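Chemist: Sharing a model prediction with you, sequence too.
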Amino acid sequence: MNVSFKAWAIGSTMLMMSATGAFAEVVFNRGNSADPESLDPHKTSTVYEANIVRDLFMGLMVHNAKAELQPGAAESYTVSPDGKVYTFKLRAGANWSDGSPVTANDFVFSWQRVTDPATASEYAYLMAPVVNAEDVTAGKKKPAELGVKAIDDMTFEVMLNAPTPYFLEMLTHQTTFPVSKANVEAKAADFTKAGNLVSNGAYVLAEFVPNDHIKIVKNDKFYDAANVKIDIVNYIPTEDRSTAMKRLEAGELDSNDDIPTEQLAELKAKFGDQVRLGPLLGTYYYAFKLDKAPWDNVKLRHAISMAIDRDLLAEKVWTNTMIPAYSFVPPGIGGYETSLTEYAETSQLDREDAAKKILTELGYGPDKPLKMEIRYNTSENHKLTAVAIQEQLKPLGIEVSLLNTDTKTHYGHLEQKGDFDIARAGWSADYKDPANFLDLCKSTAGTNYGSYNSKEYDDLMAAAAAASSPDERMKKLSDAEAIGVARDLCVVPLLHYGFHTIVSSKIKGWEDNVMDVHPSRFLSKE
Amino acid sequence: MLRYVLRRLLTAIPTLFVIVTISFFLMRVAPGGPFNQEKGLNPVIKANLERAFGLDLPLWKQYFVYLGNLLRGDFGPSYNLPDFTVAELFAAGLPISLQLGTAALVLSLVIGCAMGIYAALRQNSWIDYLVTAVATAGSTIPTFVIAPVYQIIFGLLLRWAPVGGWGDGTFANKIGPVITLALPFLAIFARLMRGSMIEALHTHHIRTARALGLSDYSIIVRHALRGALLPVVSYAGPAAAALLTGSIIVESIFQIPGVGRYFVDAALNRDYTLVMGTVVVIAIFTIAFNLIVDLLYAVLDPRVRYE
């Protein structure tokens, strides 16, 4: 019975493989944390969506295997002397998957579509540097008034409000990718369905079975199709990370974008170098409610920040898959010098002594204990982090209580400026630029959960936005971080995120990088 | 009988209406909304999203719009998976959950009842103890333990079946989820069947049947079993509704694209339309199986008549 079942299983698998022609084709089974919310590049927001959309579509600029910037749908570009007008020459022969050419009109249509309030694009704010983008998204101007135009079929021009050094890097984000005007107009809301979707990337959509797989196949109309070595990529949602590890071991998956970090030691022993760890551009932080006593006292905020042993959090709670953080902007952004809190280099013992001194000065002690509630969203590691901090603050006489709510309740409460003492949040970079983090502390930012309100900081951010040179801009941003984060603790940086992926040794060309970007077109499989 | 069925079906309509109404408003009482997330949205963009999904309307208006759409069979788009309508998500996932659930139900009913009957007939023998032990283990070991153990033994060590995935619904992909789904129910059916069979075998009419010299087969199958099946059938109704509408644990661990995960994920994501869709589906299954159970009572128990 057992033998016959085994024979049947092998037989049916062989039959399936031969039926799909799998013997001849190179198939990459790529584990991805979750299914995309959408395959419409203008409606995506998450990292796991970006992984798929990046394979299907190509923006004006792309990241190569090392996440270095290189021309994509644009063959070349010129920048006006004032740095405010970019003119892109589109790549000749770069067609849509239906064979029609990608034109400048497709880009005009796409960028207007992103900013159009009717599209309700979550990432429309990314377009803010483009002339009139914010007004279009707010419904104050028409999409046709957006600062973009098609000079001719192959020349696309973008007008910016101010010189924007990160503009080209921004173009690697899927929100700026083109969609085919003809395709969207013909299929309307159904244009993202398999069989309908026309794309200009290295792959085209073949199947999308929710919660099972997304099959994309090599696009033979892609301009560089000759160098695309993997024929089929199956994106498989792997919400259960433990199962993903077993499927990888059984050869059902070739990679997964996440690992159960609590099993790191065993996974390293089993999979060796196939487990990949490294820094990412992201920060795990806590925010004090700054418009409420006693958290409006900056000395008190620093005392608590100093008493938190980040090394211990990184090592014990996060098994070294995170890095202790003393700045909001993570290291790794070229040309930017992070501004660290002044105790970044001192020992934890000295920090704790300093913290005790401040608390005593402020009158806190056994007779008047400081009480603080940590709010965090549901996750085992968020809980362990909060519990560890609770334990670390206890010797200082701080009575910490914990409040856990689900993610929607947590962020709903923070966005509506509900009451709290200190709350957990996180941010990962959309593109390599410090402003992507520092904008969160601007007094007008919706994600300024702590309600930080400093004219000095806002002015520095405004000065950075209007800076005449990239160096000057980076200096202003660094100054802003020194004021807002290092001095005022608009957020309390705790840890910088790291990527923790697992990639079979059969997959070649996977280069670790701070954006954790790995387009399938640059990979191959043995 | 037919009039009774029609009457029950008609009363299901106001029941569904009440369920939909309560669920709609309860969902909105939950704090947070579909567009609250780790990467917070700026107010302008959030307002655009709310407008696109009609969440900017007053709540009573949203309710009537939803009700109107529902009457036309339109469950609306999923808020968190906007490429799909709720109907499309169920059309893709429900057949899969139904396949697994039906197989698990049949397996657990047939084996569970057989084990229960056999144990009852051999009361206090080693077989009876074995069945009781298996039944206790089956109902106490959680599925999140059974599933990974199955994966390790059959997927990794023996390599007889895939660790996970649906793989176009091949037998090898289904067997793990079906066994995992079936085991707890099999255990409960076995215990229920054993208990009620022992009780039935001690009733006066069975004793009379024995005294009249009827064969064992006739006594057990024609007389004892009918009455003994009643508690099993009572439990089988809600069990069937639960099995056929999928299990988040089994579907997540085996990475099966059924609808079980929607019940929890949709609520956590405040995906209002998907939550309402799942509520309607569960309600319909529960109402239908309660009706089936009541009808089976009439078949099994001559004292029950629906006129």
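Modeler: Perfect, thanks for sending it.

Chemist: Shouldn't A:Lys149 be within a strand?
Modeler: Yes - looking at A:Lys149 with DSSP: H, G, I helix; E, B strand; the rest coil, it is inside a strand.

Chemist: you'd agree it is up against A:Phe109?
Modeler: No - the criterion here is Cβ atoms under 8 Å, and A:Lys149 misses it with A:Phe109 at 11.7 Å. Backbone N, C-alpha and C define where each C-beta goes, glycine included.

Chemist: what sits against the residue in chain B that chain A sits nearest to?
Modeler: Proximity of chain B to chain A (Cβ to the nearest Cβ) peaks at B:Gly32, 3.0 Å away. Residues near B:Gly32 by Cβ atoms under 8 Å, 6 or more residues apart in numbering or on different chains: A:Asp406, A:Thr407, A:Lys408, A:Thr409, A:His410, A:Tyr411, A:Gly412, A:His413, B:Arg270.

Chemist: Please give the element, helix or strand, for the third one.
Modeler: Using DSSP states H and E, A:Lys408 falls within helix A:407-415.

Chemist: Show me which positions of the very next helix or strand once past that helix end up buried.
Modeler: Per DSSP H and E, helix A:407-415 leads on to strand A:422-428 as the next helix or strand towards the C-terminus. Using 16 or more other Cβ atoms under 10 Å in any protein chain shown as the test for burial, strand A:422-428 gives A:Ile422, A:Ala423, A:Arg424, A:Ala425, A:Trp427, A:Ser428.

Chemist: ok, now stretch B:89-107?
Modeler: Quick answer for stretch B:89-107 (16+ other Cβ under 10 Å): B:89-90, B:92-94, B:96-101, B:103-105, B:107.

Chemist: In helices, which of those residues appear?
Modeler: Within those, residues falling in helices by DSSP state H are B:89-90, B:92-94, B:96-101, B:103-105, B:107.

Chemist: Around chain A, which positions in the stretch 101-250 of chain B sit nearby?
Modeler: Within the stretch 101-250 of chain B, the residues that sit near chain A (Cβ under 8 Å from any Cβ of the partner chain) are B:148, B:151-152, B:155-156, B:158-168, B:170-172.

Chemist: Drop anything exposed from the residues you listed.
Modeler: Here, 16+ other Cβ under 10 Å leaves B:148, B:151, B:155, B:160-167, B:170, B:172 buried among those.

Chemist: farthest-separated two in those residues?
Modeler: Based on Cβ to Cβ, the longest span within those runs between B:Pro148 and B:Thr170 and measures 20.9 Å.

Chemist: quick revisit: contacts with chain B among the buried residues of strand A:422-428, please.
Modeler: Among the buried residues of strand A:422-428, the ones lying near chain B by Cβ under 8 Å from any Cβ are A:Ala425, A:Trp427, A:Ser428.

Chemist: Kindly reformat the residues you listed as JSON lines containing pLDDT.
Modeler: Below are those laid out as JSON lines (pLDDT from 0 to 100):
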{"residue": "A:Ala425", "pLDDT": "95"}
{"residue": "A:Trp427", "pLDDT": "93"}
{"residue": "A:Ser428", "pLDDT": "88"}
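
Chemist: And those, which is closest to B:Asn69?
Modeler: For these, the minimum distance to B:Asn69 (Cβ to Cβ) is 35.8 Å, reached by A:Ala425.

Chemist: That closest one is in contact with A:Tyr285, isn't it?
Modeler: Yes - assessed by Cβ under 8 Å, A:Ala425 is found in contact with A:Tyr285 at 6.0 Å.

Chemist: Now do the shared contacts for these two.
Modeler: By Cβ under 8 Å, 6+ apart, the residues touching both A:Ala425 and A:Tyr285 are A:Val491.

Chemist: Skipping its backbone neighbours, what lies nearest A:Glu456 in space?
Modeler: Closest residue in space to A:Glu456, ignoring its immediate chain neighbours: A:Ile483 at 5.7 Å, by Cβ to Cβ, 6 or more residues apart in numbering or on different chains.

Chemist: how far away is the one you found from chain B?
Modeler: 22 Å (Cβ to the nearest Cβ, to the nearest Å).

Chemist: and what of A:Leu438?
Modeler: Separation of A:Leu438 from chain B (Cβ to the nearest Cβ): 15 Å.

Chemist: Near chain B, which residues of the stretch 101-250 of chain A are found?
Modeler: Within the stretch 101-250 of chain A, the positions near chain B by Cβ under 8 Å from any Cβ are A:117-122, A:124-125, A:134, A:137-138, A:192-193, A:208-213, A:236-240, A:242-243, A:246-247, A:249-250.

Chemist: Which of those fall in strands?
Modeler: The strands, defined by DSSP state E, take in A:Phe208, A:Val209, A:His213, A:Ile236, A:Pro237 from those.

Chemist: And the pLDDT at the third one?
Modeler: Just to be clear, that refers to A:His213. On pLDDT, A:His213 comes in at 94.

Chemist: wait, it sits on A:Val233?
Modeler: No - if you go by Cβ under 8 Å, A:His213 and A:Val233 don't touch, sitting 9.9 Å apart.

Chemist: neighbour count winner among those two?
Modeler: Between A:His213 and A:Val233, A:Val233 has the larger neighbour count (other Cβ atoms under 10 Å in any protein chain shown), namely 28 against 23.

Chemist: Can you tell me which helices and strands the host helix or strand of the more buried one packs against?
Modeler: Here A:Val233 sits within strand A:232-237, counting by DSSP H and E. The contact analysis (3 or more Cβ pairs under 8 Å, 6 or more residues apart in numbering or on different chains; DSSP states H and E) places strand A:232-237 against strand A:27-32, helix A:47-56, strand A:213-218.

Chemist: List the residues that contact B:Ala147.
Modeler: B:Gly176, B:Pro177, B:Thr180, B:Ile249, B:Val250, B:Ile253, B:Phe254.

Chemist: A helix includes it, no?
Modeler: Yes - counting by three-state DSSP, B:Ala147 is part of a helix.

Chemist: confidence score at it?
Modeler: Predicted confidence (pLDDT) for B:Ala147: 94.

Chemist: Repeat that for A:Lys6.
Modeler: pLDDT recorded at A:Lys6 is 46.

Chemist: just A:Met170 next, same as before
Modeler: At A:Met170, pLDDT is 94.

Chemist: so which pair among the contacts of B:Ala147 is furthest apart in space?
Modeler: So, the contacts of B:Ala147 by Cβ to Cβ: farthest apart are B:Gly176 and B:Ile249, at 12.8 Å.

Chemist: on that earlier part again, can you tell me which of the residues of the stretch 101-250 of chain A next to chain B are buried?
Modeler: Those of these that meet the buried threshold are A:117, A:119-122, A:124-125, A:134, A:137-138, A:192, A:208-213, A:236-240, A:242-243, A:246-247, A:249-250, by 16+ other Cβ under 10 Å.

Chemist: Out of those residues, name the ones that lie in helices.
Modeler: Secondary structure from DSSP H places A:Glu134, A:Thr137, A:Ser242, A:Thr243, A:Lys246, A:Arg247, A:Glu249 of these in helices.

Chemist: what's near enough to touch the closest residue to B:Thr203 other than its chain neighbours?
Modeler: Closest residue to B:Thr203 apart from its sequence neighbours, by Cβ to Cβ, 6+ apart: B:Gly227 at 7.3 Å. B:Gly227 makes contact with B:Ser196, B:Ala200, B:Thr203, B:Leu300, B:Asp301, according to Cβ under 8 Å, 6+ apart.

Chemist: Buried subset of those residues as a PyMOL selection?
Modeler: Buried members of these, defined by 16+ other Cβ under 10 Å, are picked up in PyMOL with:
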select buried, chain B and resi 196+200+300
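
Chemist: of all the contacts of B:Gly227, which two lie farthest apart?
Modeler: B:Thr203 and B:Leu300 (14.6 Å).

Chemist: re earlier: now what about the helix holding A:Lys408, what contacts it?
Modeler: Residues from elsewhere that reach helix A:407-415, judged by Cβ under 8 Å, 6+ apart: A:287, A:375-378, A:405, A:420, A:423-425, A:446-447, A:449, B:30-34, B:36-38, B:40, B:46, B:268-270.

Chemist: And stretch B:11-25, by the same measure?
Modeler: Outside stretch B:11-25, the residues touching it (Cβ under 8 Å, 6+ apart) are B:Leu59, B:Tyr63, B:Tyr66, B:Leu67, B:Leu70, B:Val275, B:Met276, B:Val279, B:Val280, B:Ala283, B:Ile284, B:Ile287.

Chemist: Nice, that's everything, thank you.
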